[in-house]
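[1] Sequence and computational prediction follow.
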Amino acid sequence: MTSIFYSGLSKDFSLILNDADDFNAIIQVGEKANIKEFRVHSVILRARSPYFKSAFSTDWVTQKDGMILYNKPNITPRVFDIVLKYIYAAELDLNNYQGEDILKLLVASDELLLEELFDHVQDYLIEKQTTWVKENFFLVLQTAFKITRSKKLQGCCIKFICMNPQPFITSENFLRLDKDILYVLLNREDLQIDEIIIWESLIKWGINYLGYMNNDRTKWNNRNYEALKKTLEQFIPLIRFGEISLVEYFDKVQPYKAIIPDHIYEEIEEFFKYTTILPPRIGKIQFESKILKKKFVPIIINWINKRNTSAIPYDDDSSYKFDLIYQGSRDGINNNSFRDRCNLQEPILVLIKCKGTRKVFGGYAPLGFYRNEFKGNPLYKKSTHLSSTDSFIFSLVKKDDTLDIRLSNVVSCDHAVFNNYFDFHGSYGFNFGERNLCMENNRLYVLMTSYYECNLNYNSLYTTETIKEIEAFRVIKQ
């Protein structure tokens, strides 16, 4: 058996980087006032980086007195220091670096062909730098689409827009979008926004792209219309004209007849009957609720996957399907109706809107609320609860212009959900923990106990609310 001593090797190579006097290359990085020289060993850089293997070849290299001289102005000293620690010692600690440096590291690792480093940094940005990414979203978006390999980050950025597209599509940053990003965005099926807003924003984008046109189209000539038509020719077929009302069409689309391809315009005039006009955009995540808007579903998916509330959605989140199996206003708000439709279903998400408040409560039961497969099994040790490590309950409360979102994960996994199989008297519709979140006909009980984290939005150890609406969904990962 071969023994491996990587830790010692890493430590020794780290010493070579910091203390060795036998270097044979000087790399100058940065520009203007932020310049630094690094003394390195070409053999190590060539072995670890395909980029330096080519850059330090005899055909490209510049030498003076036997020393390789190389200039890399587009990488900052702070970022290159991280790169060298990775190359020499295979070490990487990003905890003390700002998001801007980490994004620059992503660009540098791509240029230097350091695939392992690139993949790690991309995942770190998505999973650990969520707040910074959202605060600097346009910079991240533009950077990600300049890097061919950053498909995961590109997908997360587009998905983030699709969650709530209107603020971005109506912003100044939208007008500065590159063509490639604009095409990807307009080609999405899950843009939850009025199509007329997309149309108006696209017109503004085209005018801004041309740079020289007056926003007042009454002052345009034929050359202006032709220029705008050519600029938007690849995007106009992506507009779902069938989602635009006739009033909006006559007011906001028809004035731009000159820029719309003839075959599309003819079909619009025929009341949107033919196939060139794309069908309505349909959000990839199926979710029909009277209680919760669709834009909050990615948050619930984050919780199901044990990610942070504010984590950027993954592209495969769209494979989730939420089947509405029970709705109180339709089926009756009582224990029997709930149990008739939800027993033997799994996993289940429940949502409850409370009467006379802005509160919404909810819970996720991976095993559902009813199990009877142990019936008649002599080895079964009786328990009235279903065990789960993934169950959670939550509350949403709208306060002025903010939304207070609170998650409480299960603590006592053996008491995650009461098993309705043992509720012989039909006392509950559902019961998380020991009345941590519990339906008793048209009443919702919320109790602070040790079975779940005590994070929900209520002011006392015990509260009860009247249920205005309640829904249950079977959660399907397709």
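    Perfect, thanks for sending it.

[2] Can you list the low-confidence ranges for this structure?
    Low-confidence segments of the chain, defined by pLDDT under 70: 1-6, 8-10, 12, 20, 271-285, 310-318, 373-383, 399-402, 425, 459-461.

[3] the domain parsing of it - what is it?
    Listed domain ranges for the chain are 6-153, 164-269, 294-374+381-477 (source: automatic domain parsing).

[4] In a markdown table, list those along with mean neighbour count and distance to residue 286.
    All C-beta spots, glycine's among them, are computed from the backbone N, C-alpha and C. Formatted as a markdown table, these follow (neighbours: other Cβ atoms under 10 Å; distance: least, Cβ to Cβ, whole Å):
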| stretch | mean neighbour count | distance to residue 286 |
| --- | --- | --- |
| domain 6-153 | 16 | 24 |
| domain 164-269 | 16 | 11 |
| domain 294-374+381-477 | 18 | 5 |
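
[5] for this structure, longest strand please?
    strand 462-477 (DSSP state E).

[6] Which elements pack onto that one?
    Applying 3 or more Cβ pairs under 8 Å, 6 or more residues apart in numbering; DSSP states H and E, one finds that strand 462-477 contacts strand 320-327, helix 328-331, helix 335-342, strand 348-354, strand 359-365, strand 443-447.

[7] CSV for those, including distance to residue 453?
    Formatted as CSV, the helices and strands packed on strand 462-477 follow (distance: least, Cβ to Cβ, whole Å):
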stretch, distance to residue 453
strand 320-327, 24
helix 328-331, 27
helix 335-342, 24
strand 348-354, 18
strand 359-365, 13
strand 443-447, 13
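
[8] mind listing the helices for the stretch 101-250 of the chain?
    Using DSSP state H, counting those that start in this stretch, the helices assigned to the stretch 101-250 of the chain run over residues 115-128, 130-135, 137-144, 151-163, 166-169, 172-175, 179-186, 195-210, 222-232, 246-248.

[9] Output the contacting helices and strands for the second one.
    With contacts defined as 3+ Cβ pairs under 8 Å, 6+ apart, helix 130-135 has no helix or strand neighbours.

[10] How far does that helix sit from its chain's centre?
    Between the centre of helix 130-135 and the centre of its chain there are 11 Å (Cα atoms, centre = their mean, to the nearest Å).

[11] returning to that earlier point: make CSV out of the domains of the chain and add distance to residue 288.
    Formatted as CSV, the domains of the chain follow (distance: least, Cβ to Cβ, whole Å):
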stretch, distance to residue 288
domain 6-153, 27
domain 164-269, 13
domain 294-374+381-477, 6
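
[12] Residue 287: which of those domains is closest?
    Among the domains of the chain, the nearest to residue 287 by Cβ to Cβ is domain 294-374+381-477 (4.5 Å).

[13] OK, contacts around residue 352?
    Neighbouring residues of residue 352 by Cβ atoms under 8 Å, 6 or more residues apart in numbering: 291, 360-362, 439, 444, 465, 467, 469-470.

[14] one more time with 7 Å, if that's ok
    Taking Cβ atoms under 7 Å, 6 or more residues apart in numbering, we find residue 352 in contact with 360-362, 444, 467, 470.

[15] Adding distance to residue 65 as columns, could you present those residues in TSV?
    Putting the contacts of residue 352 into TSV (distance: Cβ to Cβ, whole Å) gives the following:
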residue	distance to residue 65
360	73
361	74
362	71
444	81
467	83
470	80
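
[16] which pair in the residues you listed spans the largest distance?
    That would be 362 and 467, which, of the contacts of residue 352, are the farthest apart (Cβ to Cβ) at 12.4 Å.

[17] could you dump the helices of the stretch 101-250 of the chain to TSV with distance to residue 324?
    Output for the helices of the stretch 101-250 of the chain, formatted as TSV (distance: least, Cβ to Cβ, whole Å):
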stretch	distance to residue 324
helix 115-128	31
helix 130-135	30
helix 137-144	32
helix 151-163	21
helix 166-169	25
helix 172-175	34
helix 179-186	29
helix 195-210	26
helix 222-232	39
helix 246-248	31
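
[18] for those helices, which one sits closest to residue 57?
    Smallest distance to residue 57 across the helices of the stretch 101-250 of the chain (Cβ to Cβ): 20.3 Å, for helix 115-128.

[19] between that closest one and helix 151-163, how big is the angle?
    20 degrees (axes from the mean of the first three to the mean of the last three Cα atoms, to 10 degrees).

[20] and helix 115-128, how far from the chain's centre?
    15 Å.

[21] What of stretch 412-425?
    Chain-centre distance of stretch 412-425: 34 Å, with Cα atoms, centre = their mean.

[22] CA atoms of it as CSV?
    Only the C-alpha atoms of stretch 412-425 are listed here, as CSV (Å, rounded to 0.1, in the frame of the first residue of the first chain):
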residue,chain,number,x,y,z
SER,A,412,-36.4,16.6,17.9
CYS,A,413,-36.4,14.5,14.7
ASP,A,414,-38.3,11.6,16.3
HIS,A,415,-41.2,14.0,16.9
ALA,A,416,-41.2,15.8,13.6
VAL,A,417,-44.9,15.1,12.6
PHE,A,418,-47.7,13.4,14.5
ASN,A,419,-48.9,10.3,12.6
ASN,A,420,-52.6,10.6,11.8
TYR,A,421,-52.8,6.8,11.9
PHE,A,422,-52.9,7.1,15.7
ASP,A,423,-55.4,10.0,15.7
PHE,A,424,-58.4,7.8,16.3
HIS,A,425,-60.7,10.6,17.1
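
[23] picking that back up, what pairs with the longest strand of the chain, parallel or antiparallel?
    Paired strands of strand 462-477, with direction, are strand 320-327 (antiparallel), strand 348-354 (antiparallel), strand 443-447 (antiparallel) (DSSP bridges).

[24] quick one: the shortest one to chain centroid distance?
    With Cα atoms, centre = their mean as the basis, strand 443-447 stands 32 Å off its chain's centre.

[25] what do you get for the first one?
    Centroid separation between strand 320-327 and its chain, computed with Cα atoms, centre = their mean, is 22 Å.

[26] List the contacts of that strand.
    With contact meaning Cβ under 7 Å, 6+ apart, strand 320-327 is reached by 285-288, 301, 338, 341-342, 345, 349, 471-478.

[27] And stretch 454-464, by the same measure?
    In contact with stretch 454-464 (Cβ under 7 Å, 6+ apart) are residues 359, 393, 395, 397, 404, 406-408, 443-448.

[28] 8 Å instead?
    Defining contact as Cβ under 8 Å, 6+ apart, one finds that stretch 454-464 is touched by 359, 361, 393-395, 397, 404, 406-408, 437, 443-448.

[29] Send over stretch 159-176 as CSV, restricted to the C-alpha atoms.
    The C-alpha trace of stretch 159-176 is given here as CSV (Å, rounded to 0.1, in the frame of the first residue of the first chain):
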residue,chain,number,x,y,z
LYS,A,159,-32.8,32.4,-12.5
PHE,A,160,-32.5,35.2,-10.0
ILE,A,161,-33.9,37.7,-12.5
CYS,A,162,-36.8,35.3,-13.4
MET,A,163,-37.9,35.1,-9.7
ASN,A,164,-38.9,38.8,-9.8
PRO,A,165,-38.0,40.3,-13.2
GLN,A,166,-39.8,43.6,-13.2
PRO,A,167,-37.3,45.6,-11.0
PHE,A,168,-34.4,44.6,-13.3
ILE,A,169,-36.2,44.8,-16.6
THR,A,170,-37.3,48.3,-15.9
SER,A,171,-34.0,49.5,-14.5
GLU,A,172,-31.2,51.5,-16.1
ASN,A,173,-28.9,48.4,-15.9
PHE,A,174,-31.3,46.5,-18.3
LEU,A,175,-30.5,49.2,-21.0
ARG,A,176,-26.8,48.3,-20.7
